[in-house]
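A.B. asks: dropping a prediction and its sequence here:
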Amino acid sequence: MAPIINVQHLVKRYAGDVYALDDVSVQINEGEILALLGPNGAGKTTLISIICGLTSISSGVVSVGGFDVIKDYRKTRALIGLVPQELMLEPFETVWETVSLSRGLFGCKPDKAFIEAVLRQLSLWDKRNSQMKELSGGMKRRVLIAKALSHEPKILFLDEPTAGVDVELRRDMWSVVKNLRQQGVTIVLTTHYIEEAEEISDRVAVINSGKILLIEDKNTLMKRLGTKQLRIELQSPIDSLPDSLSDVDVQREEGGMSLLYNYDVKAERTGITSLLSTLSSEGIVLRDLQTYQSSLEDIFVDLVADIPE
């Protein structure tokens, strides 16, 4: 089955040869949730803005639902709902008015039953007659999602949907996204929260400096992130590892004054107890132990270091 979004060799270049996107290619399948991860300024918002037809293309091809985003702009835009990061809402409009207006802007006929269904789904029905200025930040984000869904799109873009919100609201938003996915909506969300990608996505794409560094199944990426390191500082240096550690993922460092052991925090057994027992039986005296886990930023640094200049 053809992907619902197909981006091939996309470039966005500004004056002075500044590249916001540099030869980006990505395919998004219908019905999946793709998390687009990256630090601030990585190119996440630029990418979704181009797919949504809000930003021009320097070169490359982008299609949505089989339609070119430039030649068939109206058709592609009708397939897309966009939830921006900024809370841009008319303060004196009611919830009902602003969602109904959004539907009309796409040329859709009024459908009170559908608008009611959307508001109920997002727990906004009781607030339908409230003005925007009366709503909390969390409710305003729900209104933005309702606006994006008002014309019945097949694809929903969420640009940093939980940026600046508390943990409780973040998890509430995750529940909303999962429910939309169950209804067949394809969802692309940009985020720099790794736990957000872990919770709700099917696949994860990592972008940095305008380049797609990897696109992986979520479980594969989480396995990589689940790797933790134990640094063992020794009382005295060792010239080589004993044969009893030949099958263990451990390396000598600092001229034999320390050992570095990699283990999976999600595994049933980490192997730490066995390792320490082996070191003790070999007469290796420990001075200190430290644990270290790679953050998303560390993975970005490693990936960027692998990109040739």
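C.D. replies: The structure has been received and is ready for your questions.

A.B. asks: so which residues of the stretch 1-150 of the chain form strands?
C.D. replies: Assigned by DSSP state E, counting those that start in this stretch, the strands in the stretch 1-150 of the chain fall at 5-14, 18-28, 33-37, 59-64, 67-68, 80-83.

A.B. asks: would you reformat those strands as a markdown table and include mean pLDDT and mean neighbour count?
C.D. replies: Backbone N, C-alpha and C define where each C-beta goes, glycine included. Rendered in a markdown table, the data for the strands of the stretch 1-150 of the chain read as follows (pLDDT from 0 to 100; neighbours: other C-beta atoms under 10 Å):
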| stretch | mean pLDDT | mean neighbour count |
| --- | --- | --- |
| strand 5-14 | 96 | 18 |
| strand 18-28 | 95 | 18 |
| strand 33-37 | 91 | 25 |
| strand 59-64 | 96 | 18 |
| strand 67-68 | 96 | 16 |
| strand 80-83 | 94 | 23 |
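
A.B. asks: distance to Q235 for those strands - can I get that in CSV?
C.D. replies: Formatted as CSV, the strands of the stretch 1-150 of the chain follow (distance: least, C-beta to C-beta, whole Å):
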stretch, distance to Q235
strand 5-14, 55
strand 18-28, 50
strand 33-37, 42
strand 59-64, 58
strand 67-68, 67
strand 80-83, 57
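
A.B. asks: right, so of those strands, which gets closest to S201?
C.D. replies: Judged by C-beta to C-beta, the one of those that comes nearest to S201 is strand 33-37, at 3.7 Å.

A.B. asks: you'd agree I145 is up against L82?
C.D. replies: No. Between I145 and L82 there is no contact, the gap being 10.2 Å when judged by C-beta atoms under 8 Å.

A.B. asks: pull up the overlap in contacts between these two.
C.D. replies: By C-beta atoms under 8 Å, 6 or more residues apart in numbering, I145 and L82 have these common neighbours: L156.

A.B. asks: distance-wise, check I272 relative to V165.
C.D. replies: When C-beta to C-beta, to the nearest Å is the yardstick, I272 and V165 sit 37 Å from each other.

A.B. asks: repeat that for G16.
C.D. replies: For G16, the distance to V165 - C-beta to C-beta - is 36 Å.

A.B. asks: comparing those two, which residue is more hemmed in?
C.D. replies: Applying other C-beta atoms under 10 Å to G16 and V165 shows that V165 carries more neighbours, namely 16 against 5.

A.B. asks: returning to that earlier point: wait, which of the strands of the stretch 1-150 of the chain is closest to R203?
C.D. replies: Between R203 and the strands of the stretch 1-150 of the chain, the shortest gap by C-beta to C-beta is with strand 33-37, which sits at 5.2 Å.

A.B. asks: show me where the protein dips below the pLDDT cut-off.
C.D. replies: The model of the chain has pLDDT under 70 over residues 1, 164, 222-227, 265-267, 293-309.

A.B. asks: pick out the residue closest to the middle of it.
C.D. replies: Residue closest to the mean C-alpha point of the chain, counted by C-alpha atoms, centre = their mean, is A35 at 3.1 Å.

A.B. asks: which residues sit in contact with that one?
C.D. replies: 189-191, 196-197, 200-201, 203-205, 218 are the contacts of A35 under C-beta under 8 Å, 6+ apart.
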